[in-house]
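Enquirer: Fold the following, please.
(one chain, ligands or ions: 1)
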Amino acid sequence: MSTRESILALFEEHKGVFFSGEEIAAKLSVSRAAVWKAVNSLRKDGYEITAVSNKGYCLSAETDILSAQGIRKYLIPLCGFLNLNVLPEVESTNGLLREWADAGKPEGSVVIANLQTKGRGRFGRSFHSPADTGIYLSILLRPEQAEPTQASKITTIAAVAACEAVELVSNRRAQIKWVNDIYLDDRKISGILTEASVSMETGSVEYVILGIGMNIYVPEEGFPEEIRESAGAIFDKKQNDGKNHLAAEFLNRFLSIYQGIKREDYVEEYRRRSLVVGREIIIFSPKGERKAVATGVDEDCHLLVQYEDGSTDRLSSGEIHV
Ligand code: BTN
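Expert: Reported below is the predicted structural model:
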């Protein structure tokens, strides 16, 4: 770890606490000049660090900047193996992680960005990913069971984990709009894009990239016209540590379920959180639109529907409107 990273870890662990330059220098075995340089570099990146004579330096408790150090302090031991890479700007965290996966990076490699310039959504759409107001996170998984259905199971687990994490930090009830959009008060606050690499020879899954985007705050300029009616944010005002805490809680919950340590009943939780069951929906398919009622979610998280003519169906993927 560089001096800058070590100082950030110390400040993040003890927000609002003063440390003298001398104390920090001794703790990290570096010169006071190196401490001063690192503090200035953090300030340049927006960290509010107060300096008071006879007391030293202190990171403001209100700081809400994504960092590996800020996330790590909330992670449970199970997540200790994660390799967190927090970057100021990328085209797409899924895209970058795909390159890393092809180059052989291991399971647990994570890319988190403060801004995506070409954030990708489902069905080839873009995902609005402005700076400072969201979390754009991708994690590389190399599942042992390599059937292609594994990818949709991972998506489902992520949806449950995202709801639980959002609820924990916001105290608001989070729901899932099938397949994998997360809603608060009927507004989409998070979307998930799972991409799998399947071997042409064996048909088995080589790796899965799970990507999730979360709207933490409403962007200053508002959401773009095309999603203004449907998009929402998790918080309506700045939170101390809102982004780092939420990113960590998502990883904690996701990995606990994924590694089978916490619960096998995530399908039940997925059902309980359904925004659509019992409601009239419109199903979009290449053949056109069709009205139906969502009647349930089965063991594979497929949506059970009944059409107006009384016939029924089981949808494995697709797009619906409520
Ligand atoms: C959707 O709602 O259609 C899915 C959106 C998924 C967005 C996330 S943000 C992190 C990761 N990187 C991407 O380019 N996309 C996913």
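Enquirer: neighbours around residue 51, how many?
Expert: Using other Cβ atoms under 10 Å, residue 51 has 13 neighbouring residues. C-beta coordinates here come from the backbone N, C-alpha and C atoms, glycine included.
Enquirer: and the stretch 201-322 of the chain, which residues reach the ligand?
Expert: 211, 212, 213 (Cβ under 6 Å from any ligand atom).
Enquirer: tally of neighbours for residue 40?
Expert: 11.
Enquirer: If you could redo that for residue 17, that was the one I meant.
Expert: A count of nearby residues for residue 17, using other Cβ under 10 Å, gives 14.
Enquirer: Please name the nearest non-neighbouring residue to residue 131.
Expert: Closest residue to residue 131 apart from its sequence neighbours, by Cβ to Cβ, 6 or more residues apart in numbering: residue 115 at 3.9 Å.
Enquirer: Repeat that for residue 51.
Expert: Among residues not flanking residue 51 along the chain, residue 57 sits closest, at 5.4 Å (Cβ to Cβ, 6+ apart).
Enquirer: Let me know the next secondary structure element after the helix or strand harbouring that neighbour.
Expert: Assigned by DSSP states H and E, residue 57 belongs to strand 56-59. Once the chain leaves strand 56-59, the next helix or strand it forms, by DSSP H and E, is helix 68-72.
Enquirer: After that following helix, heading C-terminal, what element do we hit next?
Expert: Going down the chain from helix 68-72, the next helix or strand is strand 83-87, by DSSP H and E.
Enquirer: mind listing what that next one pairs with, with the direction of each?
Expert: strand 109-113 (parallel) (DSSP bridges).
Enquirer: Contacts for the strand it pairs with, please.
Expert: Here strand 109-113 makes contact (Cβ atoms under 8 Å, 6 or more residues apart in numbering) with 66, 71, 82-90, 93, 96-97, 100-101, 129, 135-140, 247, 251.
Enquirer: Can you flag the buried ones in these?
Expert: 66, 71, 82, 84-86, 90, 93, 96-97, 100-101, 129, 135-140, 247, 251 (16 or more other Cβ atoms under 10 Å).
Enquirer: What are the buried residues along whichever helix or strand residue 191 is part of?
Expert: Element membership for residue 191 (DSSP H and E) is strand 187-198. Across strand 187-198, burial judged by 16+ other Cβ under 10 Å covers 188, 189, 190, 191, 192, 193, 194, 195, 196, 198.
Enquirer: State the pLDDT value of the residue of the chain most remote from its centre.
Expert: Residue farthest from the centre of the chain, counting by Cα atoms, centre = their mean, is residue 54 at 40.6 Å. We note a pLDDT of 91 for residue 54 in this prediction.
Enquirer: what's near enough to touch it?
Expert: No contacts exist for residue 54 under Cβ under 8 Å, 6+ apart.
Enquirer: Just give me the closest of the buried residues of strand 187-198 to the ligand.
Expert: residue 191 (2.0 Å; Cβ to the nearest ligand atom).
Enquirer: Show me what the closest one bridges to in the sheet.
Expert: residue 213.
Enquirer: cool, the one 5 residues further on as well?
Expert: When assigned by DSSP bridges, residue 196 has beta-bridge partners residue 208.
Enquirer: so it makes contact with residue 151?
Expert: Yes. If you go by Cβ atoms under 8 Å, residue 196 and residue 151 touch, sitting 4.2 Å apart.
Enquirer: What residues of the helix or strand where residue 282 lies count as buried?
Expert: Secondary structure from DSSP H and E places residue 282 in strand 280-285. Across strand 280-285, burial judged by 16+ other Cβ under 10 Å covers 281, 283.
Enquirer: Could you spell out the sheet neighbours of that strand, each with its direction?
Expert: Strand 280-285 has these strand partners (DSSP bridges): strand 288-297 (antiparallel), strand 319-321 (antiparallel).
Enquirer: could you say what helices and strands the helix or strand hosting residue 43 packs with?
Expert: Here residue 43, judged by DSSP H and E, is contained in helix 32-44. Counting contacts by 3 or more Cβ pairs under 8 Å, 6 or more residues apart in numbering; DSSP states H and E, helix 32-44 is packed against helix 3-13, helix 21-28, strand 49-52.
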